[in-house]
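Novice: sequence first, predicted model second:
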Amino acid sequence: MIEVNKKEGESASNLFFRFTKKIRRSGVLIEVRKRRFYSKDANKRSVRGSAKHRGDKAKEIGRLKKLGLSS
């Protein structure tokens, strides 16, 4: 648990800034964002299929750019 104690004469905004900085450095936010949504483990076939689909789309976009048909 992350704890920040108020220093003598410190304003609330400075205290909040120090707290948020400590949170960012600790990596808690990154972990929370990862756990926000549950994602099932994809099987090997679907992972490969989506990778192939992305590759094919990239090739198609590159081809269209060479022909001047895409922005």
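Specialist: That came through fine.
Novice: give me the element Lys65 is part of.
Specialist: Under DSSP states H and E, the secondary-structure element containing Lys65 is helix 44-67.
Novice: which residues does that helix contact?
Specialist: Applying C-beta atoms under 8 Å, 6 or more residues apart in numbering, the set of residues contacting helix 44-67 from outside is Ala42, Ser70. The C-beta positions use only the backbone N, C-alpha and C, and glycine is treated the same way.
Novice: now do that helix: distance to the chain's middle.
Specialist: The gap between the average C-alpha position of helix 44-67 and the chain average comes to 23 Å, counting by C-alpha atoms, centre = their mean, to the nearest Å.
Novice: ditto for stretch 42-62
Specialist: Relative to the centre of its chain, stretch 42-62 is centred 21 Å away, using C-alpha atoms, centre = their mean.
Novice: list the buried residues in it.
Specialist: By neighbour count on 16 or more other C-beta atoms under 10 Å, the buried set for stretch 42-62 is empty.
Novice: what sits against the nearest residue to Arg18 once chain neighbours are set aside?
Specialist: Across the structure, with C-beta to C-beta, 6 or more residues apart in numbering as the measure, the residue nearest Arg18 apart from its sequence neighbours is Val4 (5.4 Å). Remark: with contacts taken as C-beta under 8 Å, 6+ apart, Val4 is in contact with Leu15, Arg18, Phe19, Lys22.
Novice: now the second one: which helix or strand?
Specialist: The one in question is Arg18. Per DSSP H and E: helix 12-26 holds Arg18.
Novice: what ranges of this protein fall below the confidence cut-off?
Specialist: Of all residues in the chain, those with pLDDT under 70 make up the ranges 71.
Novice: and if we set it to 50?
Specialist: Applying pLDDT under 50 to the chain flags no residue at all.
Novice: before we move on, back to that, mind putting the contacts of Val4 into CSV with distance to Arg63 and neighbour count?
Specialist: As requested, the contacts of Val4 are arranged in CSV below (distance: C-beta to C-beta, whole Å; neighbours: other C-beta atoms under 10 Å):
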residue, distance to Arg63, neighbour count
Leu15, 56, 14
Arg18, 53, 15
Phe19, 51, 13
Lys22, 49, 13
